[in-house]
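[1] Build me a structure from this.
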Amino acid sequence: MQSVKWIHNPLIWGVIALSMLMVTAIVAGYVYIRPPGDRQVVFYTNDAASVRSGDSVRVAGIPVGKITSLSLEQDRIRVQASVDKNTFVGDQSQVDIRMLTIVGGYYVDLIPLGDRPLGENPIPAGRVKTPYNLMRALTDSTKVTQEINPRPIRQSLDQIQAGLSGTNTETLSTVIDAGNALADTIDRQRGQITQILDMSDEYIQALSAYRGRLQELVSKISIIEQTLTVYGKGFGAALAGMGDIGESVLAPLSKFWVNNREEFIQKVRDWQDRFRRWVDNNSRIIPRLRRVRDKIERVLDAQNAKPELLATDLCIPVPGSVC
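    I've put the predicted structure just below:
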């Protein structure tokens with residue numbers, strides 16, 4: 001009878017249910033803290049402002065665990081993470097806390113190093129790198145300024161102060177005035193250059209309006225040049241022929257002028273000099289005409305208005321000159 005009463009006693013069942021609930025809670029907590037297939041990795045840091053429980057732990061960008069707890073010790077912060085047991089963590093491993101996105105968020109980058117497993121040993125704060133913050137920036141800046149020798153800087157400032165005192169101030173004012181005068185001169189020259197450009201624009205417009213006349217002038221100059229060239233060559237051939245005729249015709253007659261040959265020879269030489277001067281003048285005129293025509297053609301080339309065909313582009317064969 002007593003055994004039957006024990007079975008029907010609600011107090012006993014309540015104690016059993018409470019005990020089972022407590023065991024379940026303990027097991028669930030243990031599984032949460034130490035999930036199956038994971039192991040614990042502990043590292044220390046001096047600044048945990050960017051570390052939160054639940055942050056992702058990654059190796060080479062691949063999630064392998066998460067932060068499970070943070071605890072404050074005397075002069076450092078103990079961070080515990082749950083990491084996949086298949087992930088190798090060496091005894092020289094490092095931890096780098098990095099930003100997850102630009103707008104915020106962090107994750108723990110675990111860098112496995114070393115030949116032997118880390119085991120239960122924690123990663124010291126010396127191998128833990130935290131994001132850059134203001135306090136660290138100030139600390140690093142003091143390290144930089146400590147290496148600076150202030151004496152040369154102070155001497156340089158003293159020399160500058162001495163240079164800007166006394167009569168040197170007038171020199172400085174003179175230098176500034178000279179700089180202002182130079183700036184004014186450059187400004188005026190810029191205005192003159194603008195005027196020159198405006199005048200060149202007007203000149204180009206005038207040339208554009210006179211383009212037809214220039215084309216006609218080039219055509220006429222080329223005709224004159226080619227005419228002088230052709231007639232010069234023909235006249236030279238004629239003189240040569242006349243010389244041959246003179247030798248054949250005047251040879252018998254020269255016998256009658258034996259007594260007056262000096263006067264006859266002088267007259268022939270005078271005519272030769274006249275013809276030579278005419279040929280020389282003709283040879284000088286042609287290059288001058290060619291230079292004038294070239295200059296006008298360059299102006300027309302700039303306007304893409306050069307005549308399509310000129311007299312100088314043609315070749316007229318004459319005796320003694322072939323094309």
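[2] For the rest of this, base every contact and every neighbour count on C-alpha atoms.
    Fine.
[3] Correct me if wrong: residue 89 contacts residue 113.
    Yes. With contact defined as Cα atoms under 8 Å, residue 89 and residue 113 form a contacting pair (6.9 Å).
[4] Among the two, which residue is more densely surrounded?
    residue 89 (22 against 15; other Cα atoms under 10 Å).
[5] how about the nearest residue to the more buried one, chain neighbours excluded?
    residue 112 (4.9 Å; Cα to Cα, 6 or more residues apart in numbering).
[6] And the pLDDT for that neighbour?
    At residue 112, the predicted lDDT confidence score is 88.
[7] I'd say it and residue 94 touch.
    Yes. With contacts counted by Cα under 8 Å, residue 112 reaches residue 94, the gap being 6.6 Å.
[8] what about the residue nearest to residue 89, how many neighbours?
    19.
[9] Can you list the low-confidence ranges for the stretch 1-150 of the chain?
    Counting by pLDDT under 70, the stretch 1-150 of the chain has low-confidence residues at 1-9, 30-37, 103, 132-147.
[10] quick one: the strands in it?
    With strands called from DSSP state E, counting those that start in this stretch, the stretch 1-150 of the chain shows them at 38-45, 56-59, 62-72, 77-84, 94-99, 106-111, 128-129.
[11] do you know which of those lies nearest residue 25?
    Closest approach to residue 25 among those (Cα to Cα): strand 62-72, 17.6 Å.
[12] how far off strand 77-84 does the closest one point, in degrees?
    Counting by axes from the mean of the first three to the mean of the last three Cα atoms, to 10 degrees, strand 62-72 lies at 150 degrees to strand 77-84.
[13] other SSEs contacting strand 62-72?
    strand 56-59, strand 77-84 (3 or more Cα pairs under 8 Å, 6 or more residues apart in numbering; DSSP states H and E).
[14] so what secondary structure elements neighbour the first one?
    So that's strand 56-59. strand 62-72, strand 106-111.
[15] Put the alpha carbons of it into CSV.
    Taking C-alpha atoms only, strand 56-59 is exported to CSV below (Å, rounded to 0.1, in the frame of the first residue of the first chain):
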residue,chain,number,x,y,z
SER,A,56,32.1,35.7,-35.8
VAL,A,57,35.5,34.1,-35.6
ARG,A,58,37.0,33.5,-39.1
VAL,A,59,40.1,31.9,-40.5
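[16] What are the contacting residues of that strand?
    Strand 56-59 is contacted from outside by 63-67, 81, 83, 107-112, using Cα atoms under 8 Å, 6 or more residues apart in numbering.
[17] That one: which residues count as buried?
    Burial within strand 56-59, assessed by neighbour count using 16 or more other Cα atoms under 10 Å, is assigned to 56, 57, 58, 59.
[18] end-to-end on stretch 40-50?
    Chord length of stretch 40-50, first to last residue, is 20 Å (Cα to Cα, to the nearest Å).
[19] can you list the strands of the stretch 1-150 of the chain in JSON lines and add distance to residue 199?
    Below are those laid out as JSON lines (distance: least, Cα to Cα, whole Å):
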{"stretch": "strand 38-45", "distance to residue 199": "77"}
{"stretch": "strand 56-59", "distance to residue 199": "74"}
{"stretch": "strand 62-72", "distance to residue 199": "73"}
{"stretch": "strand 77-84", "distance to residue 199": "81"}
{"stretch": "strand 94-99", "distance to residue 199": "64"}
{"stretch": "strand 106-111", "distance to residue 199": "68"}
{"stretch": "strand 128-129", "distance to residue 199": "70"}
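[20] I'm done for today, thanks for sticking with me.
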